[in-house]
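>>> below is the structure, and that's it, no one-letter string:
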């Protein structure tokens, strides 16, 4: 296994120029694990154990005064509009020793660094943790096949034998392997802090695959953006969101002659999940994408991450630029999602929960009204939405 370790370090010397060029553009975080070292626990904050930035209470309220009526329209004066939690969110600055980021006011932020190339960040709503942002710079190892995992098991190399398997190496497989990834860090790596950082995405179901504008290009086996649904570990909450990762095979088939099985592993870069409560994610998508794209790694921290490699220190600007561009990539992909299926799901959700959807003809805002509202309402300001409006978020609820 010592020979494999030496070969792994050759990568930083430029033996894989095609991969290196692409990784310079986005994230050249090539954490090569020692053959028997496996994944590491995260330290608290950056040089100490994991840091938690406690959020303050959310500033939005659950009730709001009835809107002022249009001139002389008493029917409008009786309409009770309650804003959504998402519509009241604002972003506030967070400054850590590793990065700066704007996060929703009242939300919590946790992050940790393994001392090499893996930085994990999770931002979430303490009242509903399914509303969240998760990001990992570089995660390893992800095994190529069950056969290679079995070979490592036979050799007693637990850190590889128990790692998640990406077969086939697609982002859909990756997101379906998140439960195994959480178990891996909890039971094999023995890092509760790391496991807690990884979102509870169980029973992932792909709704659609969206194209990604990634600089990894042909060096990534899959860098598509996924739109899907999931449940939490205990099944108590359902979520929906978009996810992204670039799966890269740094070693190619270099280790394939060993035992007749490819014993190398995949690196997963820019592992991102931006999610919200199922069927309500449409309300959170824009502000969460803006929050994520505000992430900027600090120069001093990047220097720490790259100190044991020959990667260029100037990559900081390229790394930060790629994160900044993520808002446009993710938001444009979201806007390009399948409108027909989205409309059908939103209509089904309204019917199941007892809502009908209307919009304010004066402001353009969309509301979920109690079932029967349009039968009782005698004014002219609030009208039923058209089908295309179901693809948009809503700004509040109309209650009795």
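Received the coordinates, thanks. Owing to the predicted nature of the structure, the values given are computational and were not obtained by experimental measurement. Numbers count the residues shown, from 1 in each chain.

>>> got any ranges where this protein has weak pLDDT?
1-74, 213-217, 253-259, 308-322, 324 (pLDDT under 70).

>>> all helices of it, in order?
2-10, 17-25, 74-77, 146-154, 158-161, 171-176, 178-183, 192-197, 281-293, 299-306, 315-324, 326-335, 339-353, 373-376 (DSSP state H).

>>> of these, which is nearest residue 245?
The closest of the helices of the chain to residue 245 is helix 171-176. By C-beta to C-beta, the value is 5.4 Å. Every residue, glycine included, has its C-beta placed from N, CA and C.

>>> counting by contacts, list what that closest one packs against.
strand 202-210, strand 225-231, strand 238-248, strand 265-277 (3 or more C-beta pairs under 8 Å, 6 or more residues apart in numbering; DSSP states H and E).

>>> got JSON lines for those, with mean neighbour count too?
Below are the helices and strands packed on helix 171-176 laid out as JSON lines (neighbours: other C-beta atoms under 10 Å):
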{"stretch": "strand 202-210", "mean neighbour count": "16"}
{"stretch": "strand 225-231", "mean neighbour count": "22"}
{"stretch": "strand 238-248", "mean neighbour count": "25"}
{"stretch": "strand 265-277", "mean neighbour count": "24"}
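
>>> tabulate these (JSON lines), appending distance to residue 133.
Shown next, in JSON lines, are those (distance: least, C-beta to C-beta, whole Å):
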{"stretch": "strand 202-210", "distance to residue 133": "17"}
{"stretch": "strand 225-231", "distance to residue 133": "15"}
{"stretch": "strand 238-248", "distance to residue 133": "9"}
{"stretch": "strand 265-277", "distance to residue 133": "5"}
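
>>> identify whichever of those lies nearest to residue 131.
strand 265-277 (4.9 Å).

>>> now do the closest one against helix 326-335, angle only.
Angle, strand 265-277 to helix 326-335, by axes from the mean of the first three to the mean of the last three C-alpha atoms, to 10 degrees: 70 degrees.

>>> so what secondary structure elements neighbour strand 265-277?
So strand 265-277, by 3+ C-beta pairs under 8 Å, 6+ apart, packs with strand 128-143, helix 171-176, strand 238-248, helix 281-293.

>>> go through these and pick out the most buried.
strand 238-248 (a mean of 25; mean count of other C-beta atoms under 10 Å).

>>> I'd say residue 170 and residue 221 touch.
Yes - in terms of C-beta atoms under 8 Å, residue 170 counts as a neighbour of residue 221; the distance is 7.5 Å.

>>> what sits in contact with each of these two?
Residues touching both residue 170 and residue 221 (C-beta atoms under 8 Å, 6 or more residues apart in numbering): residue 247.

>>> which residues does the residue nearest the centre of the chain contact?
The centroid of the chain falls nearest to residue 273 when counting by C-alpha atoms, centre = their mean (1.1 Å). Contact analysis of residue 273 by C-beta under 8 Å, 6+ apart lists 132, 133, 134, 175, 199, 201, 241, 242, 243.

>>> go ahead and confirm the last one touches residue 226.
So that's residue 243. Yes - with contact defined as C-beta under 8 Å, residue 243 reaches residue 226; the gap is 4.6 Å.

>>> who touches both of those two?
Both residue 243 and residue 226 are in contact with 171, 175, where contact means C-beta under 8 Å, 6+ apart.

>>> bridged to residue 120, which residues?
Assessed by DSSP bridges, residue 120 has beta-bridge partners residue 112, residue 136.

>>> neighbours of it, how many?
22 (other C-beta atoms under 10 Å).

>>> what of residue 154?
10.

>>> go on, residue 302?
Neighbour tally, residue 302, other C-beta under 10 Å: 22.

>>> how far away is it from residue 295?
13 Å (C-beta to C-beta, to the nearest Å).

>>> again, but for residue 185
22 Å.

>>> would you mind giving the helices of the chain as JSON lines with distance to residue 261 added?
Below are the helices of the chain laid out as JSON lines (distance: least, C-beta to C-beta, whole Å):
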{"stretch": "helix 2-10", "distance to residue 261": "14"}
{"stretch": "helix 17-25", "distance to residue 261": "22"}
{"stretch": "helix 74-77", "distance to residue 261": "71"}
{"stretch": "helix 146-154", "distance to residue 261": "5"}
{"stretch": "helix 158-161", "distance to residue 261": "12"}
{"stretch": "helix 171-176", "distance to residue 261": "19"}
{"stretch": "helix 178-183", "distance to residue 261": "20"}
{"stretch": "helix 192-197", "distance to residue 261": "28"}
{"stretch": "helix 281-293", "distance to residue 261": "38"}
{"stretch": "helix 299-306", "distance to residue 261": "32"}
{"stretch": "helix 315-324", "distance to residue 261": "34"}
{"stretch": "helix 326-335", "distance to residue 261": "36"}
{"stretch": "helix 339-353", "distance to residue 261": "40"}
{"stretch": "helix 373-376", "distance to residue 261": "63"}
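
>>> go through these and name the closest to residue 251.
Among the helices of the chain, the nearest to residue 251 by C-beta to C-beta is helix 2-10 (7.7 Å).

>>> of the helices and strands packed on strand 265-277, which is nearest residue 209?
Shortest distance between residue 209 and the helices and strands packed on strand 265-277, using C-beta to C-beta, is found for helix 171-176: 7.5 Å.

>>> I figured residue 274 hits residue 242, correct?
Yes - shown here, residue 274 and residue 242 form a contact pair, counting by C-beta under 8 Å, at 5.5 Å.

>>> identify the contacts common to the two.
In contact with both residue 274 and residue 242: 285, 330, using C-beta under 8 Å, 6+ apart.

>>> run a quick neighbour tally on residue 360.
By the criterion of other C-beta under 10 Å, residue 360 has 19 neighbours.

>>> state the distance from it to residue 398.
For residue 360 relative to residue 398 (C-beta to C-beta), the value is 10 Å.

>>> common neighbours of those two, please.
Joint contacts of residue 360 and residue 398 (C-beta under 8 Å, 6+ apart) are 367, 382.

>>> end to end, how far does stretch 151-169 reach?
End-to-end span of stretch 151-169 (C-alpha to C-alpha, to the nearest Å): 19 Å.
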